[in-house]
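> I would like the atomic coordinates for the input below:
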Amino acid sequence: MTRRSPRPEIDAWIAAAHLLADRAREISLRWFRSPIAVEFKADDSPVTRADRGVEAMLRERLAELFPSHGIVGEEFGGLRPDAEHVWFVDPIDGTKSFVSGLPLWGTLIALVEHGTPVLGLIDAPATGERWSAARGRPAWFERSGRTAERCSTSACAELSRARLGVPAPDAFLAGEVDVVRSLSERVALRRYGGDCYAYGLLASGHLDLIVESGLDDHDFLPMVAVIEAAGGVVTDWSGQPLGPHSAGDVVAAATTALHRQAIEALGSRG
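Below you'll find the predicted structure:
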């Protein structure tokens with residue numbers, strides 16, 4: 001006897017997220033490593049017609065598929081952000097990499113239900129890789145031309161053995177630089193940069209810990225369902241769950257023990 005899903009609507013949400021990511025990949029790859037004008041927003045972050053084109057498509061299709069849902073995106077703001085269900089999208093996470101020809105950028109999609117992330121998708125068009133998950137279900141990794149497979153975080157439980165993914169020091173506020181440097185000196189190795197791709201690597205067990213701050217909701221909400229479904233833990237620096245109103249400081253770890261040690265190490269933030 002076939003067991004029916006207790007929440008069949010989740011299947012429709014997942015299917016929509018994958019279809020949207022497929023289309024976004026087509027649009028973004030059309031411009032990747034091609035001549036494209038780069039503008040700079042008020043916060044000095046770059047934006048291109050690729051960013052805007054992908055988000056415009058995502059918003060249009062989501063509005064057609066789920067007219068009662070809200071939509072929040074990096075480039076065009078929020079539509080019904082207080083709705084019961086809200087989609088958060090980042091058309092090109094890592095625009096600096098995108099305009100520099102580096103492949104570690106991606107499209108992020110999340111669905112938040114009553115303030116809780118229930119679906120997440122990380123798509124890396126340039127590498128042909130994708131991570132996705134829904135709350136209560138396994139995390140999946142896909143690579144172009146291959147069958148999707150379940151992915152899981154590593155078993156690393158010691159800070160001294162951890163592989164840390166972290167932005168360059170200038171990405172942190174003055175009061176955060178020293179404490180992050182202190183933490184990074186205690187791990188086995190560290191890699192700088194990677195944007196959303198680093199979270200995919202954590203979900204697949206290649207990185208063990210990620211520490212960031214200053215993120216927007218569309219940057220971190222898509223990671224939550226993926227990391228948790230893969231067996232990891234992701235919170236803010238105080239250990240609180242992430243939601244649409246979180247401040248933007250993120251700790252993602254492969255195990256509960258590693259997460260606890262990272263939170264303790266970050267507790268001395270100035």
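
> In stretch 57-65, which residues are buried?
Of the residues in stretch 57-65, those scored as buried under the neighbour-count criterion (16 or more other C-beta atoms under 10 Å) are 57-59, 62. Backbone N, C-alpha and C define where each C-beta goes, glycine included.

> now stretch 73-89
Along stretch 73-89, these residues count as buried under the neighbour rule (16+ other C-beta under 10 Å): 73-75, 78-79, 83, 85-89.

> about what we covered before: adding pLDDT and distance to residue 134 as columns, could you present the buried residues of stretch 57-65 in TSV?
Output for the buried residues of stretch 57-65, formatted as TSV (pLDDT from 0 to 100; distance: C-beta to C-beta, whole Å):
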residue	pLDDT	distance to residue 134
57	98	22
58	98	18
59	97	21
62	98	16
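
> Can you lay out the residues you listed as CSV showing secondary structure and distance to residue 105?
Listed next are the buried residues of stretch 57-65 as CSV, based on DSSP: H, G, I helix; E, B strand; the rest coil; distance: C-beta to C-beta, whole Å:
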residue, secondary structure, distance to residue 105
57, helix, 17
58, helix, 16
59, helix, 20
62, helix, 21
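
> Out of those, which comes closest to residue 262?
When the buried residues of stretch 57-65 are compared for distance to residue 262 (C-beta to C-beta), residue 58 comes out closest, at 32.5 Å.

> Excluding chain neighbours, give the residue nearest to the closest one in space.
Of all residues beyond its chain neighbours, the one nearest residue 58 is residue 89 (4.8 Å), with distances taken as C-beta to C-beta, 6 or more residues apart in numbering.

> wait, isn't residue 244 in contact with residue 114?
No: taking contacts as C-beta atoms under 8 Å, residue 244 lies outside contact range of residue 114: 10.4 Å.

> Now the nearest residue in space to residue 76 that is not next to it in sequence: which helix or strand?
Spatial nearest neighbour of residue 76, chain neighbours left out: residue 55 (5.9 Å); criterion: C-beta to C-beta, 6+ apart. When secondary structure is defined using DSSP states H and E, the element that contains residue 55 is helix 49-65.

> which is the next helix or strand following that helix?
Toward the C-terminus from helix 49-65 - assigned by DSSP H and E - lies strand 70-73.

> which parts of stretch 182-192 are buried?
Residues of stretch 182-192 classed as buried under the neighbour-count rule (16+ other C-beta under 10 Å) are 183-184, 187, 190.

> Now pLDDT, distance to residue 196 and secondary structure too, for those, in CSV please.
Converted to CSV, the buried residues of stretch 182-192 look like this (pLDDT from 0 to 100; distance: C-beta to C-beta, whole Å; DSSP: H, G, I helix; E, B strand; the rest coil):
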residue, pLDDT, distance to residue 196, secondary structure
183, 95, 21, helix
184, 94, 20, helix
187, 98, 21, coil
190, 95, 18, strand
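
> which one of these is nearest residue 229?
When the buried residues of stretch 182-192 are ranked by distance to residue 229 (C-beta to C-beta), residue 187 comes first, at 24.4 Å.

> Surely that closest one touches residue 166?
No: using C-beta under 8 Å, residue 187 and residue 166 do not qualify as a contacting pair, with a distance of 9.2 Å.

> Helices of the stretch 101-250 of the chain, residue ranges please.
Counting by DSSP state H, counting those that start in this stretch, residue ranges of the helices within the stretch 101-250 of the chain are 174-184, 195-203, 217-229.

> Go ahead and measure how far the shortest one is from the middle of the chain.
For helix 195-203, the distance from its own C-alpha centre to the chain's C-alpha centre is 7 Å (C-alpha atoms, centre = their mean, to the nearest Å).

> Which strands and helices lie in contact with it?
Applying 3 or more C-beta pairs under 8 Å, 6 or more residues apart in numbering; DSSP states H and E, one finds that helix 195-203 contacts strand 85-93, strand 106-113, strand 116-124, strand 129-134, strand 163-166, strand 209-212, helix 217-229.
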